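Asks: With the sequence up front, the predicted model follows.
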Amino acid sequence: MDIIKEDYDEVLTTREAIKYLKISKPTYFKCIRLGKINATKVGNGWRVLRSELNRFLRSGHEESKV
């Protein structure tokens, strides 16, 4: 079975997520702590799905609203 890129939900690291969202690391962790972004703790780091970040962006959350 071939994976179609559009159907593949990429898992991002913290570094990749903050770059994608264009927010600071403290703001990113605040969003996780407040439940605005659903992320999973994996070892010492966090992982988040790109679709979750897109949901967060579509919901109208901006750095100033966090």
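Replies: Perfect, thanks for sending it. Numbering: from 1, shown residues only.

Asks: List the buried residues for stretch 32-41?
Replies: For stretch 32-41, burial by neighbour count (16 or more other C-beta atoms under 10 Å) applies to 32, 37, 39. Every residue, glycine included, has its C-beta placed from N, CA and C.

Asks: Chain neighbours aside, what residue packs nearest to the second one?
Replies: Closest residue in space to residue 37, ignoring its immediate chain neighbours: residue 31 at 4.4 Å, by C-beta to C-beta, 6 or more residues apart in numbering.

Asks: Three-state assignment for that neighbour, please.
Replies: State at residue 31, reduced to three classes by DSSP: H, G, I helix; E, B strand; the rest coil: helix.

Asks: Pull the number of nearby residues for residue 21.
Replies: Close neighbours of residue 21, defined as other C-beta atoms under 10 Å, add up to 20.

Asks: repeat for residue 50
Replies: Neighbour number of residue 50 under other C-beta under 10 Å is 15.

Asks: Please apply the same query to the one 4 residues further on.
Replies: Around residue 54 there are 12 other residues, counting by other C-beta under 10 Å.
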